[in-house]
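Undergrad: When you get a sec, could you give me coordinates for this:
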Amino acid sequence: MHPYAALARKAVEAFVLSRVVLSGPEDVSGDVAGELAGSMDRRAGVFVCLKRHGELRGCIGTFLPTTENVCNEIVKNAIAAATEDPRFPPVQRRELDSLEYSVDILTEPERVSGLSQLDPGRYGVIVVKGARKGLLLPDLEGVDTVEEQLRIAKMKAGIAPSDDDVELFRFAVERYK
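TA: All right, here's what the predicted structure looks like:
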């Protein structure tokens, strides 16, 4: 397991078992802490996704950094994925051993002028209309076309799939499991 995914796992376990919020790599033991120490100066948006038996169990993130470094962003979003995703009830203690973790570190979103600049296998997409925003990560199972990616992102934002009067942004991710 990559150190970022290990940090997400430790954060969820500490919170679900003891309601403790890790303060960063210093709360993680051994080699993982050493490998994370180099990430303390890096800031980026982060998504943490949880799966159980191959099915999504929670996924929450930020497309821009909201904390002082990537490690704290992972801890914050891992706990939110386990406890605040409105699509699922909070993760229970009995589920912890069966969870799989992935952490996506996002590049800064860039505006695109047309669909030809999108690629659902390579780029995530952000759809914006007024105050409404919908985001979909790249390289998701079952999302093979730009049209499908946009349809899902618009629906997440509460925008009609047929509404083309939207701003489009794309981003890449580094995915760690």
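Undergrad: Check which element follows the least confident helix or strand in the chain by mean pLDDT along the chain.
TA: Using mean pLDDT, DSSP states H and E, the weakest-scoring helix or strand in the chain turns out to be helix 30-36, at a mean of 69. Note on helix 30-36: by DSSP states H and E, the next helix or strand toward the C-terminus is strand 46-52.
Undergrad: where in this structure is pLDDT low?
TA: Scanning the chain for pLDDT under 70 picks out 24-33.
Undergrad: Going along the chain, name the strands of it.
TA: Secondary structure of the chain by DSSP state E: the strands cover 46-52, 55-61, 99-106, 110-112, 124-129, 132-136, 167-171, 173-176.
Undergrad: Throw these into TSV and include distance to V143, thanks.
TA: (Glycine included, C-beta is placed from N, CA and C.) Listed next are these as TSV, based on distance: least, Cβ to Cβ, whole Å:
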stretch	distance to V143
strand 46-52	14
strand 55-61	13
strand 99-106	14
strand 110-112	17
strand 124-129	10
strand 132-136	7
strand 167-171	14
strand 173-176	14
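Undergrad: Name all residues that make contact with the residue most central in space within the chain.
TA: In the chain, the C-alpha nearest the mean C-alpha coordinate belongs to F47, at 1.4 Å (Cα atoms, centre = their mean). With contact set as Cβ atoms under 8 Å, 6 or more residues apart in numbering, F47 has these partners: 59-62, 77, 103-104, 106, 137, 173.
Undergrad: How about K133?
TA: K133 neighbours (Cβ under 8 Å, 6+ apart): 126-127, 157.
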